[in-house]
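>>> let me see the structure of the following:
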Amino acid sequence: MRGRDRFKKYSSLIYFLCSITRLLSKKTRLRMFFKSRNITGTRGIVKRYILLKTIAKNCGDNVCIMEGVYLLHPENLSIGNNVSIHPMCYLDAQGSINIGNDVSIAEGSSLISFEHNYSDNTIPIKDQDLSLGPISISSNVWIGAKATVLSNVTVGNGSIIGAGAVVTKNVDENIIVGGVPAKKIKERI
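Here you go, the predicted model:
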């Protein structure tokens with residue numbers, strides 16, 4: 001049985017648990033979400049989903065956050081239906097991250113919605129301000145293992161980010177990109 005079929009089968013129970021969870025303070029839900037990071041199996045997936053559904057700007061149906069995913073600033077995250085984020089991913093939504101429907105983010109990938117400023121030579125780089133910038137991942141996108149998507153980037157519908165790629169610029173629809181920095185490899189269709 002596919003995840004979306006299992007989700008549909010138990011959706012009434014899941015929505016009920018979401019409504020109960022909303023009774024907790026946001027601070028408590030955030031703490032529980034971060035503590036659930038390494039819970040394995042279905043129990044961990046369901047727990048993270050219920051908590052994320054009550055914390056994120058928007059969280060669709062059948063969102064699978066696998067164990068070991070670091071998801072920071074989840075309150076700035078908007079995520080569609082049928083999305084899977086696999087182990088060892090790092091998503092920092094400080095500058096906001098929007099993810100469409102039917103997206104798969106493979107193991108070890110990073111989405112970082114900010115960058116460090118470094119223009120002042122009198123201040124250590126680590127002490128300079130951050131520049132926040134949104135990341136938008138459209139629908140039907142596959143992000144390959146250990147790829148990185150940086151701030152102010154939009155990935156178009158139906159595109160594939162090759163394993164290990166570093167995406168610093170917008171990606172058009174239905175293309176495959178790869179490399180550092182990521183460049184167009186070919187049309188997907």
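>>> residue 42 falls within a helix, correct?
Yes - applying DSSP: H, G, I helix; E, B strand; the rest coil, one finds residue 42 inside a helix.
>>> pull the number of nearby residues for residue 16.
Using other C-beta atoms under 10 Å, residue 16 has 11 neighbouring residues. In this view, the C-beta of every residue, glycine as well, is placed from N, C-alpha and C.
>>> mind giving me the packing neighbours of the worst-scoring helix or strand of the chain on mean pLDDT?
The weakest-scoring helix or strand in the chain, judged by mean pLDDT, DSSP states H and E, is helix 3-21 (a mean of 89). Secondary-structure packing of helix 3-21 (3 or more C-beta pairs under 8 Å, 6 or more residues apart in numbering; DSSP states H and E): helix 41-55.
>>> list the buried residues in the helix it packs on.
Within helix 41-55, the residues that qualify as buried by neighbour count (16 or more other C-beta atoms under 10 Å) are 44-55.
>>> list the contacts of residue 47.
By C-beta atoms under 8 Å, 6 or more residues apart in numbering, the contact list for residue 47 reads 32, 36, 39.
>>> is it possible to export those residues to CSV including neighbour count and distance to residue 104?
Listed next are those as CSV, based on neighbours: other C-beta atoms under 10 Å; distance: C-beta to C-beta, whole Å:
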residue, neighbour count, distance to residue 104
32, 17, 26
36, 20, 21
39, 15, 21
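>>> list just the nearest of the residues you listed to residue 89.
Taking C-beta to C-beta as the measure, residue 89 sits nearest to residue 36 out of the contacts of residue 47, at 15.0 Å.
>>> wait, doesn't that closest one sit right on residue 44?
Yes - with contact defined as C-beta atoms under 8 Å, residue 36 reaches residue 44; the gap is 6.2 Å.
>>> joint contacts of these two?
Joint contacts of residue 36 and residue 44 (C-beta under 8 Å, 6+ apart) do not exist.
>>> for this protein, list the residue farthest from the centre, please.
Computed with C-alpha atoms, centre = their mean, the residue of the chain farthest from its C-alpha average is residue 122, at 35.0 Å.
>>> so how far is residue 128 from that residue?
Using C-beta to C-beta, to the nearest Å, residue 122 is found at 10 Å from residue 128.
>>> could I get the buried residues of helix 41-55 in TSV, plus columns for pLDDT?
Below are those laid out as TSV (pLDDT from 0 to 100):
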residue	pLDDT
44	95
45	95
46	94
47	96
48	97
49	96
50	96
51	97
52	97
53	97
54	97
55	97
